[in-house]
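Student: what follows is a predicted protein model with its sequence.
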Amino acid sequence: MKYHVNFQYRPKDAARPQDEPMLDMSGRALDIILTDGGGLPAIGDHVVFCRAGHKGEGQDMKSVTKQVEGVVENRLFFFVASGIAEVNIVVTDSLTDTSTLIKQ
């Protein structure tokens, strides 16, 4: 089975996730394809990923890459073909500071 993964961020005060695409650290679109479902974060797992964003106003508006960190709120699986599933993972704000989860 192949899993094509998309992360979305939902702020605590929003009813639906935001639509900005997921990016890699250089600002390019990120495609995550897993061949093992064991690599998918579970509900309640903490994750960090990047997404597109903007800063500034009017002609000063610039595209930026924003880091999103939070907890997996839900996962939705679309089984699109034999052996292929699209997985949408929604991440929302966490009460836990992510920096307390790892010591480097």
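Tutor: Structure's in. What do you need?
Student: any low-confidence regions in the chain?
Tutor: The chain contains residues with pLDDT under 70 at 53-56, 58-64, 104.
Student: what about the longest strand in it?
Tutor: If each strand of the chain is counted by residues according to DSSP state E, the longest one is strand 62-81.
Student: partner strands of the helix or strand following that one and their direction?
Tutor: Downstream of strand 62-81, the next assigned helix or strand under DSSP states H and E is strand 84-92. As defined by DSSP bridges, the strand partners of strand 84-92 come to strand 2-10 (parallel), strand 62-81 (antiparallel).
Student: comparing these, which comes out most buried?
Tutor: strand 2-10 (a mean of 18; mean count of other C-beta atoms under 10 Å). The C-beta positions use only the backbone N, C-alpha and C, and glycine is treated the same way.
Student: contacting residues around that strand?
Tutor: Identification of contacts with strand 2-10 by C-beta atoms under 8 Å, 6 or more residues apart in numbering yields 16-20, 22, 31-35, 37, 39-40, 47, 49, 51, 68, 70, 73, 83-92.
Student: gap between the helix or strand following that strand and the chain center?
Tutor: Remark: after strand 2-10, the chain's next helix or strand is strand 22-23, criterion DSSP H and E. Relative to the centre of its chain, strand 22-23 is centred 7 Å away, using C-alpha atoms, centre = their mean, to the nearest Å.
Student: just the buried ones from the contacts of strand 2-10?
Tutor: 17, 22, 32, 40, 49, 51, 68, 70, 73, 85, 87, 89-92 (16 or more other C-beta atoms under 10 Å).
Student: what sits opposite Arg10 in the beta ladder?
Tutor: Thr92.
Student: relative to Lys2, how far out is it?
Tutor: Distance, Arg10 to Lys2, by C-beta to C-beta, to the nearest Å: 26 Å.
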